[in-house]
Structures are given as C-alpha cells and as structure tokens.
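Participant: coords please:
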Amino acid sequence: MNIHAIKAIYIFELARTWRTLMQSIASPVLSTSLYFIVFGSAIGSRMVEIDGISYGAFIVPGLIMLSLLTESISNASFGIYMPKFTGTMYEILSAPISAMEIVVGFVGAAATKSIILGLIILATARLFVDFTIVHPVWMLGFLVLTSVTFSLFGFIIGVWADGFEKLQVIPMMIVTPLTFLGGSFYSIHMLPPLWQTITLFNPVVYLISGFRWSFYGVADVNVGISLGMILLFMLLCLFLVWLIFKTGYKVKA
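Facilitator: Prediction:
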C-alpha cells in the first residue's frame, strides 16, 4: 500500500476543512446548538423524562447523529466530486495508486472531519444540558463506525452525482427526514404499535438507538442488532465502491 499517496490525499482534503472552517465546523455546531437551546433548555425543562432521562439529555445522541450523518455524506461526496468537476480526477487515476488507496484517502479524511465535528458538538452540548456517558468506549466506537460508513456512502453519492444539486438530494430529501423520524427527539416506544413496526424499517433508528445506548444504557432496539445494521450497511457500501472501480462507473466522467 502506498502510504505516501494516501497521506497526500488525506492531508489535502483536511486542509480544505481548515480553509472553510465557517462552513465545515462553525455552521453545523451553531445549528445543533440552536436545537439544544430550543429543545434542550427551553422546551426540555417542560417535558417529562423519557426512560428516566431528562428530555434535554435524551436528545443529545440524536442531534449528534443528525449532524454526523449529514456531514459525513457531505464531506465525502464533495471531496470526490470536485476532482471530477475540475478535471483533476484524471491525474488521480493516472497516478500509481490503487482504488483502495484513493478510497482510504478520501473516506479517511471525510470520516476524520465528522469525528472531530461530533466531538465538538458533544463538548458544546455540555454548555446547555447535563448528561452522562455510561459506555464511553462504545460511544467512540459508534461514532467512528457511523462516520466511516456514511463517508463511504457519501463517496458513492459523489461518484454518482453529475451536478452540485445532486450532492444535496439524498442528504436533504432522504437522510435528514429519516433521522428526524428515527427517534432523534423521541423514543419509538412512545408511538402506537403500528407506527413502531413501521419505524423499524427506518435504518437510522438502529444507529440512533445504539448511540443512545452508549450514553445512557437504554435503547429502543437491541444494541447487538444496532451494531449489526451499521456493519451490514458498511459492507454494502464497500461492495458498491468496489463495483464502481471494477466497472469504471462514472469515475472518469
């Protein structure tokens, strides 16, 4: 494996983050902070506890996951789309580096940005609500796995997209609604039985449930199932990435 090639792509992608701190870090942190202020501090003080957890603390994992999913996809999709848009993709493909090294560089950088953002939001949440982390190692594990998995998903979207508007379609029209309906602001046990069953078809439910379990030890879905769903989606994304380079699908577009 060409470590120097991976490092070059990785550092270049991270450098873009530092050049656009307002957009990459400040904007999502500010947006999430507003959720904490409105739902955590203002409305949360008037809400009953959920599973013995104050409402403000209950929504912390869901809000972190909301930012994590959207930013992971955005970082990776934009990172691989720009070389296609500017024409520098030909330089990357003609360089003596493998497809795996390209993926590791782009996805690794996107996941790193998302992990940093998630930790910043976690620290920011402390300013508004009190919460505990019962399983800190598992919390970091879910954070890393989710960031890597959805960065892979974003990489696929970036290859598929042939315009800037397409980069936003799936995050805005599919991922964000699924996250809001996946238990970010409530427990699915609060829903009628029929809607509980329907909600279980939402894959984001398993991500939020597992992440919340790492904080408070309570979950809507068995944590083993949550972990299995993340790994399954990661394997699916890896297969699709392999298929993209195997067939050359839009990589040279």
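Participant: So, low pLDDT: which residues of the stretch 1-150 of the chain?
Facilitator: For the stretch 1-150 of the chain, the stretches flagged by pLDDT under 70 are 1-2, 21, 40-46, 87-91, 93-95.
Participant: which residue ranges form the helices in it?
Facilitator: Assigned by DSSP state H, counting those that start in this stretch, the helices in the stretch 1-150 of the chain fall at 3-19, 21, 27-35, 55-58, 60-86, 89-94, 99-125, 136-160.
Participant: would you turn those helices into CSV with distance to residue 174 and mean neighbour count?
Facilitator: Any C-beta I mention is one placed from the backbone N, CA and C, and that applies to glycine too. Conversion of the helices of the stretch 1-150 of the chain to CSV gives the following (distance: least, Cβ to Cβ, whole Å; neighbours: other Cβ atoms under 10 Å):
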stretch, distance to residue 174, mean neighbour count
helix 3-19, 24, 15
helix 21, 28, 10
helix 27-35, 18, 16
helix 55-58, 25, 22
helix 60-86, 10, 24
helix 89-94, 26, 14
helix 99-125, 18, 21
helix 136-160, 10, 22
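Participant: Relative to residue 172, which of the ones you listed is closest?
Facilitator: When the helices of the stretch 1-150 of the chain are ranked by proximity to residue 172, the top entry is helix 60-86, at 8.3 Å, counting by Cβ to Cβ.
Participant: Residue 203 reaches residue 178, doesn't it?
Facilitator: Yes. Using Cβ atoms under 8 Å, residue 203 is in contact with residue 178, at 7.3 Å.
Participant: and those two? which has more neighbours close in?
Facilitator: Set residue 203 next to residue 178 and count neighbours by other Cβ atoms under 10 Å: residue 178 wins out with 16 against 13.
Participant: Nearest to residue 184, out of the helices of the stretch 1-150 of the chain?
Facilitator: helix 60-86 (3.1 Å).
Participant: Report the inter-axis angle for that closest one versus helix 27-35.
Facilitator: 150 degrees (axes from the mean of the first three to the mean of the last three Cα atoms, to 10 degrees).
Participant: Could you report the separation of residue 106 from residue 148?
Facilitator: Look at residue 106 and residue 148: by Cβ to Cβ, to the nearest Å, they are 12 Å apart.
Participant: Save the helices of the stretch 1-150 of the chain as TSV, and put in distance to residue 187 too.
Facilitator: Shown next, in TSV, are those (distance: least, Cβ to Cβ, whole Å):
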stretch	distance to residue 187
helix 3-19	34
helix 21	35
helix 27-35	17
helix 55-58	8
helix 60-86	10
helix 89-94	45
helix 99-125	19
helix 136-160	18
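Participant: mind listing what residue 24 touches?
Facilitator: 16, 17, 75, 113, 117 (Cβ atoms under 8 Å, 6 or more residues apart in numbering).
Participant: Return the distance of the third one relative to residue 150.
Facilitator: Same thing as residue 75. Residue 75 is 9 Å from residue 150, by Cβ to Cβ.
Participant: shared neighbours of those two, anything?
Facilitator: residue 114.
Participant: what about residue 131, how many neighbours?
Facilitator: 19.
Participant: Assess the claim that it and residue 57 are in contact.
Facilitator: Yes. Counting by Cβ under 8 Å, residue 131 touches residue 57, with 3.9 Å between them.
Participant: Return every residue with contacts to both of these two.
Facilitator: Residues touching both residue 131 and residue 57 (Cβ under 8 Å, 6+ apart): 215, 216.
Participant: Helices of the stretch 151-253 of the chain, start to end?
Facilitator: Using DSSP H, counting those that start in this stretch, helices in the stretch 151-253 of the chain cover 164-170, 176-180, 193-199, 203-216, 223-247.
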